[in-house]
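>>> Fold the following.
(4 chains)
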Protein chains: 2
Amino acid sequence: MVRAMATVIEARAFPEARAAAPLTRSLPEQIAAQVSRRIASGAYGPGQRILEQAIAAEFAVSRGPVREALRLLEKDGLVTILPRRGAQVTSLSVDEVREIFEIRAVLNGLRDRRIAESPARLALLPAIEAEVGTLARVVREGGEGAGYVETVFELNRLLNEATTNKRLSSILDSLALQTLRYSRLGLSTPERRRQSLKHWQQLVRAIREGDGEAAQEAAEKRVRDSRDAAIKLLQKA
Amino acid sequence: MVRAMATVIEARAFPEARAAAPLTRSLPEQIAAQVSRRIASGAYGPGQRILEQAIAAEFAVSRGPVREALRLLEKDGLVTILPRRGAQVTSLSVDEVREIFEIRAVLNGLRDRRIAESPARLALLPAIEAEVGTLARVVREGGEGAGYVETVFELNRLLNEATTNKRLSSILDSLALQTLRYSRLGLSTPERRRQSLKHWQQLVRAIREGDGEAAQEAAEKRVRDSRDAAIKLLQKA
DNA sequence: GTCAATAAGATTGTTGACAATCCTACACTC
DNA sequence: GAGTGTAGGATTGTCAACAATCTTATTGAC
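Numbers count the residues shown, from 1 in each chain, chains lettered A, B, ... in the order given. All right, here's what the predicted structure looks like:
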């Protein structure tokens, strides 16, 4: 039987899977989450090898689930797997950092433009304004800027949640995680945080006024400034 | 010992790995390539389940390498794996198709803008002009438009190769593969191919003149038109 | 006839063992 | 002393068997 064009999109074999997230995460996912945390926290540094045996012993499982966990981390770019050589924490060159930030700039622009243009944008405002208020407080207090990066992450989480484009938010999540340590670097001076705050405030205004163009510009500038600052510090070193 | 900022980017454990692609691809990679071809060709349709046992028997290996192959395909979005339920060919909803095209529009715009602004852009022109010439011939001949989509793919391959941003081109490759069947749909009428050709010619001009802005616009329009046409056909069905 | 409970079969998840390859240290040559 | 070749250990790759879970078919009640 020749199928008509009408069936280009076929029924899903697992229709309910779209909504229902698995209640108990699988073993590989649990292991991946643990290792991911260690990479994000810096406990595992760039270039460090990750031995299957060691992780398996630590979690008291066999190497099978560990291999799958490493594959999951590779999907997120946190780990690089080379045939016959195993896994290591991904180590980015300066150029690669620049490239990822460039992609983030453009995709963050798309995300924030769509949010500013969406009808539901006003419902989002209070939560965002509260977080930006926190940013402003940190900047006003001066000091080490403790909590600034964390609040920025929370803001990005809020915006990702608000996006109807789920594929977009998942790519953004992944890229943000890969450049986490460099984002920290790019926000390590009071001057940079002031600059960053300005762009966040511009975004709030753009969302309030429904100005997609302005939202996109603020987002792109925000990420590109962060990129430039991070790379300057990297190259000075 | 407290490490200085200078070591944020550490030496790679496998420095030569960046250049040297493995000569003989691993077993999982070979299996993944075969299955990938079947999905691209339509032999495996959306929603179709892929049983580990069946693939393993066919390639005369155990289920281990097959599982890894399916993980690789999942990374590219070609396959969806659900816990305890196995793998199936990814089936996209209309909304998801729209989302992916939207991301492709923006990232293609970034890619083509950077190419048009690069110093090496003129060396690229002859190859691109030749392919666009092929597109023009197909359009002129009318008929079924055989080879149009394939030539567009070749063009995208050329542009991806020319991009210095390797992460960008790998994301674009993946997204293009995921929407391959919908791209075909979006270029299935002579009218649409004429429209598409116009944007390709605009891109050639933009690259020749080094006009990044125009290159970006042409790319975004090209992909968005393709998206609109594909979705219209999907919804009519 | 429709629906729910149940049992059998099918399929994925995990394990431990073995094979193949890679890395390191050491001896040897020049 | 520098470089090369070679063993040994370490590590990843693959396999086959078993356990856990899911799907399907059958039976029974209403």
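
>>> going forward, measure contacts and count neighbours with C-alpha atoms only.
Noted.

>>> name the helices or strands packed onto the particular helix or strand that has residue A:126 in it?
Assigned by DSSP states H and E, residue A:126 belongs to helix A:121-141. Helix A:121-141 sits against helix A:148-162, helix A:190-209, with contacts defined as 3 or more CA pairs under 8 Å, 6 or more residues apart in numbering or on different chains; DSSP states H and E.

>>> quick check: angle from the following helix or strand past the shortest one to helix A:148-162?
Just to be clear, that refers to helix A:148-162. Toward the C-terminus, helix A:148-162 is succeeded by helix A:166-178 as the next helix or strand (DSSP H and E). Computed by axes from the mean of the first three to the mean of the last three CA atoms, to 10 degrees, the angle separating helix A:166-178 from helix A:148-162 equals 170 degrees.

>>> tally of neighbours for the residue nearest to residue A:88 when sequence neighbours are not counted?
What sits nearest to residue A:88 in space, not counting adjacent residues and going by CA to CA, 6 or more residues apart in numbering or on different chains, is residue A:49, at 4.0 Å. Neighbour count for residue A:49, taken as other CA atoms under 10 Å in any protein chain shown: 18.

>>> which residues does residue A:151 contact?
Contact partners of residue A:151, counting by CA atoms under 8 Å, 6 or more residues apart in numbering or on different chains, are A:131, A:134, A:135.

>>> Just want the phi and psi numbers for residue A:79.
The phi/psi pair for residue A:79 (degrees, to the nearest 10) reads phi -130, psi 150.

>>> coming back round to it: tell me which of the helices and strands packed on helix A:121-141 is the most buried.
Among these, ranked by average contacts under mean count of other CA atoms under 10 Å in any protein chain shown, first place goes to helix A:190-209 (a mean of 19).

>>> which other residues reach it?
With CA under 8 Å, 6+ apart, helix A:190-209 has contacts from A:112, A:115-117, A:121-122, A:125, A:128-129, A:132, A:135-136, A:139, A:142-145, A:148, A:186-187, A:212, A:214-215, A:218-219, A:221-222, A:225-226, A:229.

>>> go with 6 Å
With CA atoms under 6 Å, 6 or more residues apart in numbering or on different chains as the contact definition, helix A:190-209 has outside contacts at A:116, A:187, A:214, A:215, A:218, A:222.

>>> Now do the contacts for the last one.
Residue A:222 makes contact with residue A:199 under the criterion CA under 6 Å, 6+ apart.

>>> Enumerate the positions of the helix or strand hosting it that are buried.
Secondary structure assignment for residue A:222, by DSSP H and E: helix A:212-236. Neighbour-count burial for helix A:212-236, counted by 16 or more other CA atoms under 10 Å in any protein chain shown, picks out A:212-227, A:229-231, A:233-234.

>>> re earlier: would you confirm that the residue nearest to residue A:88 contacts residue A:90?
No - the pair residue A:49 and residue A:90 does not pass the contact test of CA atoms under 6 Å, sitting 9.4 Å apart.

>>> Now residue A:77, what are its backbone angles?
Main-chain dihedrals, residue A:77, degrees, to the nearest 10: phi 80, psi 0.

>>> distance of it from residue B:75?
Computed with CA to CA, to the nearest Å, the distance linking residue A:77 and residue B:75 is 10 Å.

>>> Ok, residue A:132 next?
From residue A:132 across to residue B:75, the span is 35 Å (CA to CA).

>>> same thing with residue A:59?
Residue A:59 sits 25 Å away from residue B:75, going by CA to CA.

>>> Those two - which one has more neighbours?
Legend: neighbour count by other CA under 10 Å for residue A:59 and residue B:75, higher for residue B:75 (17 against 13).

>>> residues in contact with the more buried one?
Contacts of residue B:75 (CA under 6 Å, 6+ apart): residue A:75.

>>> again, but for residue A:55
Under the criterion of CA under 6 Å, 6+ apart, residue A:55 has no contact partners.
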